[in-house]
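# Would you be able to build a 3D model of this:
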Amino acid sequence: MPRNYYINSNGRIRRKENTVYFETEKDGESLKTPLPINDIDTIFIFGEVDINTKAINYLSQYDIPMHFFNYYGYYSGSFLPRKKNVSGSLLVEQVKHHIDDSKRQMLAISFIEGAVHHILRNLRKSGISVENFQNIEKDLLPKIFETKTIEELMAIEGNIREHYYQLFNTVIKNKDFFIEKREKRPPTNPINALISFGNSIMYNTVLTEIYRTQLDPTISYLHSPQEKRFSLSLDIAEIFKPFIIDPLIFNLIKTGQITIDDFDKDLNYTYLNENGRKKFLKAYEERLSKTVKHRRLKRNVSYRQLIRLECYKLIKHLIGDEIYKPFKAWW
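Model prediction:
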């Protein structure tokens, strides 16, 4: 099964005949690593990498997206090959469900419902006492179903996440990874840096899965469609951030795989260094590859395939085949 490839070093991507190579230099010596074209799902680039049109055209033939990240490890942009799997009728339905307030609200609530399910699951699995999060389960969660506008929904979701992040300290129990509040731009401590980096990777994984379907990634429901962003990937990622990223962060810190030495600080900006990124991405890929027996399909599917299945469920809802229900881990 094709997998993600992560490039952390500086160098160049070139095509020679029917092979793509990543070329870099180490200790004054030129190294050339072949990238097996049939084994690549997506390429994530964190280093300073040159790429020529010959390589881009070849990657396009195999529908391989590339996502680019800046010096601090945060998303800069994507190269998506010309989309071949398109549907005008589905695009019309996507837009209809966005401009109809009740249809949009239903989908937006569903994304938050899936997110909160996994937030509560994380807290239970971490051994947090129920009284510490019963306000999320008993008070805030029921309110999301009563909301009439996106603004109301986002306000409640913000309250849920604020309380959730406060409980991170109880889960992690590590003074080096203490969090007072969630900070995004910029993250000023290691735990916020981990959350931001993980969420950024998650958004782009979801974007790749959307690209593989007929969905348009710019038409969304919870997040407002805006220029220069693929807002549908933000919507669907809400469900999978607490399911994939947060448990990964807990495990990396609690097992000592990631330590304070895996971070650098630049003025008020804290970020994962190259060594830290490699550790995180290795663990992330392992988690995406984990499998579970699907209750409806009666076969094993990977966590990454669960994201694609979520896209298909949304498509079925949009075309009127089946009411959308968010993914909720059952194990």
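
# tell me the secondary structure for residue 310?
Counting by DSSP: H, G, I helix; E, B strand; the rest coil, the backbone at residue 310 sits in helix.

# residues touching it, list them.
The contact partners of residue 310, by CB atoms under 8 Å, 6 or more residues apart in numbering, come to 209, 236, 239, 240, 326, 327. No exception for glycine: its C-beta is placed from N, CA and C like everyone else's.

# Most neighbours of all those residues, which one?
For the contacts of residue 310, the largest neighbour count, defined by other CB atoms under 10 Å, is 28 neighbours, found at residue 236.

# hang on, it packs against residue 307?
Yes - counting by CB atoms under 8 Å, residue 307 is a contact partner of residue 236 at 7.0 Å.

# shared neighbours, the two?
residue 206.

# In the protein, where's the longest helix?
Longest among the helix segments of the chain by residue count, using DSSP state H, is helix 101-125.

# Now for the spatially closest residue to residue 290 that is not a sequence neighbour: which residues touch it?
Nearest residue to residue 290, sequence neighbours excluded (CB to CB, 6 or more residues apart in numbering): residue 303, at 5.2 Å. With contact taken as CB under 8 Å, 6+ apart, residue 303 is in contact with 243, 244, 287, 288, 289, 290, 291, 292.

# same thing with residue 245?
Residue 245 sits next to 195, 198, 199, 201, 202 when contact means CB under 8 Å, 6+ apart.

# So which of the residues you listed wins on neighbours?
residue 201 (28 neighbours).

# Now that one. Nearest residue, chain neighbours left out?
Residue 201 sits nearest to residue 284 (CB to CB, 6+ apart), 6.2 Å away.

# Break down the protein into its strands, ranges please.
3-7, 11-16, 19-26, 29-35, 40-45, 49-51, 66-69, 75-79, 263-266, 269-272, 291-293, 300-302 (DSSP state E).

# Make a markdown table from those and add mean pLDDT to it.
As requested, those are arranged in a markdown table below (pLDDT from 0 to 100):
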| stretch | mean pLDDT |
| --- | --- |
| strand 3-7 | 93 |
| strand 11-16 | 92 |
| strand 19-26 | 89 |
| strand 29-35 | 88 |
| strand 40-45 | 95 |
| strand 49-51 | 94 |
| strand 66-69 | 96 |
| strand 75-79 | 93 |
| strand 263-266 | 91 |
| strand 269-272 | 91 |
| strand 291-293 | 97 |
| strand 300-302 | 97 |
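
# Tell me which of the ones you listed lies nearest to residue 115.
strand 291-293 (18.8 Å; CB to CB).

# Now that we have the contacts of residue 303, which of them are buried?
Buried members of the contacts of residue 303, scored by 16 or more other CB atoms under 10 Å, are 243, 244, 287, 288.

# Which residue ranges make up the domains of this protein?
3-64, 88-318 (automatic domain parsing).

# quick one: low-confidence parts of the stretch 201-331 of the chain?
Residue ranges of the stretch 201-331 of the chain with pLDDT under 70: 227-228.

# Most widely separated two among the contacts of residue 310?
Taking CB to CB, no two of those sit farther apart than 209 and 326, at 15.2 Å.

# list the contacts for the closest residue to residue 18 other than its chain neighbours?
Nearest non-adjacent residue to residue 18, counting by CB to CB, 6+ apart: residue 37, 7.7 Å away. Neighbour list for residue 37: 18, 19, 20, 58, 59, 62, 64 [criterion: CB under 8 Å, 6+ apart].

# Tell me how many other residues surround the fourth one.
I take that to be residue 58. That count, for residue 58 with other CB under 10 Å as the rule, works out to 19.

# Begin at 175 from now on, thanks
Noted, 175 is the first residue going forward, which turns the last one into residue 232.

# So what's the residue count around the residue nearest to it when sequence neighbours are not counted?
Using CB to CB, 6+ apart and skipping the chain neighbours, the partner closest in space to residue 232 is residue 189 (4.7 Å). Residue 189: 19 surrounding residues under other CB under 10 Å.

# This completes my enquiry, with thanks.
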